[in-house]
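**Q** just the structure for this:
(one chain, ligands or ions: 1)
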Amino acid sequence: MPAGPRVGQVGIAENLAEVRRRVDEACVAAGRDPSQVRLLPVSKTKPPSAIREAYDAGVRLFGENKVQEAVAKAEVFADVPDLRWAVIGHLQTNKARQVAAVADEFHALDSLRVAEALNRRLHMLDRTLDVFVQVNSSGEESKFGLAPEDVPGFARELEQFQTLRVRGLMTLAVFSDDAALVGACFARMRELQARLQDSHDHPEWWRELSMGMSGDYELAISYGATTVRVGQAIFGNRLDPNDYWPVSAR
Ligand SMILES: *Cc1c(COP(=O)(O)O)cnc(C)c1O
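**A** Below you'll find the predicted structure:
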């Protein structure tokens with residue numbers, strides 16, 4: 001018997017086409033223009049071969065949740081100038097240097113200390129970074145992100161950092177099969193976005209909502225998501241730790 005396909009290694013182009021199709025469908029169902037929603041493929045744990053396959057299918061921006069892994073992959077693809085990285089996971093200040101050097105986008109900004117550290121490193125490198133403020137929309141203690149009521153104050157503090165280009169808000173909804181619970185998280189985000197657009201001196205900072213993953217991206221689109229971060233529906237499941245790449249980064 002020939003060996004079966006490796007989970008997550010086969011059909012990435014087909015999976016991408018299917019997710020793109022469903023994104024477009026969700027936009028139409030929500031009365032939104034499909035060009036207003038961006039698909040951010042999340043390649044965490046997946047090897048360079050999978051990234052290459054997605055690249056060949058047209059992907060130019062990849063989401064990674066661990067800084068060390070993003071750095072390792074950026075080295076592998078250093079000779080591909082149009083391949084860019086979005087760091088989407090929680091950041092400790094001691095890793096700000098690497099994010100400033102490697103990332104085009106950072107989706108998990110949730111503290112002044114991290115903002116300061118990034119700003120300092122970005123100044124040294126003469127770079128800017130697109131950032132999304134992470135919000136804990138479910139109230140779960142296990143989740144990173146600012147409480148919604150703390151975001152307007154945080155938004156004012158961010159005005160001092162010239163290297164950070166705020167593009168909007170980011171969240172991970174509660175992990176649940178109950179669409180009402182998940183939808184409530186997305187609805188909180190949209191309310192917060194509206195409040196910032198009404199009250200902050202830079203309403204244009206709050207155009208984007210980065211929310212929705214493999215299990216809930218269509219629902220997120222119905223609540224106004226502008227970037228959906230999708231991993232497993234494109235690259236296959238992450239269940240087998242032997243499939244992780246690079247092993248040292250996990
Ligand atoms: C892994 C991850 C995703 C994608 O999750 P999937 O279930 O694989 O689609 C999205 N956002 C963040 C912050 C992640 O860490």
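
**Q** would you agree Glu105 is in contact with Val87?
**A** Yes: using Cβ atoms under 8 Å, Glu105 is in contact with Val87, at 7.3 Å. Using the backbone N, CA and C atoms, a C-beta is placed for each residue, glycine as well.

**Q** what touches both of the two?
**A** Common neighbours of Glu105 and Val87, using Cβ atoms under 8 Å, 6 or more residues apart in numbering, do not exist here.

**Q** and these two? which has more neighbours close in?
**A** The neighbour comparison of Glu105 against Val87 (other Cβ atoms under 10 Å) goes to Val87, with 26 against 22.

**Q** give me the phi and psi for Val37.
**A** Here is the backbone geometry of Val37 (degrees, to the nearest 10): phi -120, psi 130.

**Q** for the ligand, see how far away it is.
**A** 15 Å (Cβ to the nearest ligand atom, to the nearest Å).

**Q** that residue touches Thr227, doesn't it?
**A** Yes: under the criterion of Cβ under 8 Å, Val37 makes contact with Thr227 at 7.4 Å.

**Q** around the ligand, which positions in this structure sit nearby?
**A** With Cβ under 6 Å from any ligand atom as the criterion, the chain meets the ligand at residues 42, 44, 65, 88-89, 172, 213-214, 229-233.

**Q** now intersect the residues you listed with the helices, please.
**A** Taking DSSP state H as the definition of helices, these contribute 232-233.

**Q** of the residues of the chain next to the ligand, which pair is most distant in space?
**A** Greatest spatial distance in these: Gly89 and Ala233, 18.4 Å, computed using Cβ to Cβ.

**Q** which SS state does the nearest residue to Leu172 once chain neighbours are set aside fall under?
**A** Leaving aside its sequence neighbours, Leu172 sits nearest to Lys143 (Cβ to Cβ, 6 or more residues apart in numbering; 6.2 Å). Under DSSP: H, G, I helix; E, B strand; the rest coil, Lys143 falls in the coil class.

**Q** and Lys143, what pLDDT?
**A** Lys143 carries a pLDDT score of 95 in this model.

**Q** and what of Trp245?
**A** Model confidence at Trp245 (pLDDT) stands at 77.

**Q** and the residue of the chain found nearest the ligand, how many neighbours?
**A** Taking Cβ to the nearest ligand atom, the ligand has its nearest neighbour within the chain at Gly231, 2.5 Å off. The number of residues packed near Gly231 is 23, by other Cβ under 10 Å.

**Q** which parts of the chain are strands?
**A** 38-41, 61-64, 84-87, 105-109, 129-134, 164-170, 208-210, 227-230 (DSSP state E).

**Q** could those strands go into a markdown table alongside distance to Glu149 and mean pLDDT?
**A** A markdown table is the format used below for those (distance: least, Cβ to Cβ, whole Å; pLDDT from 0 to 100):
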| stretch | distance to Glu149 | mean pLDDT |
| --- | --- | --- |
| strand 38-41 | 27 | 98 |
| strand 61-64 | 28 | 98 |
| strand 84-87 | 26 | 98 |
| strand 105-109 | 17 | 98 |
| strand 129-134 | 13 | 98 |
| strand 164-170 | 13 | 98 |
| strand 208-210 | 18 | 98 |
| strand 227-230 | 24 | 98 |
